[in-house]
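>>> what's the 3D shape of this:
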Amino acid sequence: MLRILHQIFRTGIVTEPFKPEVEARVTLVGEGLEKEVAERFKRSLTIRFVDAGSCNGCELELVAVNNPVYDSERFGIHFAASPRYADMLLVTGPVSRNMEIALKRTYDAMPAPKLVVALGDCAFNGGVFGESYASLGSVGNVVPVDAYIHGCPPSPEEILKGIMKAVTR
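Below is the predicted model:
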């Protein structure tokens, strides 16, 4: 353990910093989001994430929102493992028939007021998967959606903007 800590201290920070203009945009969006969350929730915003049958492109960008570069925690955004503690449900992908009941149960388990955000083009209209014997298409066909974040996949900055759009409604 000490050997690993010594190596970490010796190596230092190895991530590349943002370009100043990108850092300014992300910080501007994040500070606006932080202000809205503090006003409306009087604390941090807790999000329960559900993958309803996507290709995992949106999940990779969502992980980037939570990594040390974008660091959504600094803006008061936290992810929860249980819908009982969540303020927002974030859904990716077209809803597969196998995930319909699980998505409805997750939505029903959330306390009111419930916010639902559909992340990505597949969650908006089914994307390349569409509606078929295996897919119900849009998340809006299963649960009511407050905001859509378009893109295939949307960038982490767009995800933060979309969360802000849902919170300010």
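>>> and the pLDDT for Ile13?
Confidence at Ile13, expressed as pLDDT, is 68.
>>> so Ala102 sits in a helix?
Yes - checked against DSSP: H, G, I helix; E, B strand; the rest coil, Ala102 lies within a helix.
>>> I'd like the distance from the longest helix belonging to the chain to the chain centre, please.
Assignment by DSSP state H gives helix 20-41 as the longest helix of the chain. Relative to the chain's own centre, helix 20-41 is displaced by 15 Å; criterion: CA atoms, centre = their mean, to the nearest Å.
>>> what's the neighbour count on Met1?
For Met1, the count of nearby residues is 5 (other CB atoms under 10 Å). Bear in mind the C-beta positions are built from the backbone N, C-alpha and C, glycine included.
>>> start the count at 41, not 1, going forward
Okay, using 41 as the starting number, the last item reads as Met41.
>>> before we move on, which element is Arg50 in?
Element membership for Arg50 (DSSP states H and E) is helix 42-51.
>>> partner strands of the longest strand anywhere in the chain, with direction?
For the chain, the strand with the greatest residue count under DSSP state E is strand 85-91. Here strand 85-91 has these sheet partners by DSSP bridges: strand 117-119 (parallel), strand 128-132 (parallel).
>>> could you count how many residues lie near the residue nearest to Arg137 when sequence neighbours are not counted?
Among residues not flanking Arg137 along the chain, Ala174 sits closest, at 5.9 Å (CB to CB, 6 or more residues apart in numbering). Ala174: 11 surrounding residues under other CB under 10 Å.
>>> is it true that Ala174 touches Pro134?
No - using CB atoms under 8 Å, Ala174 makes no contact with Pro134, being 9.2 Å away.
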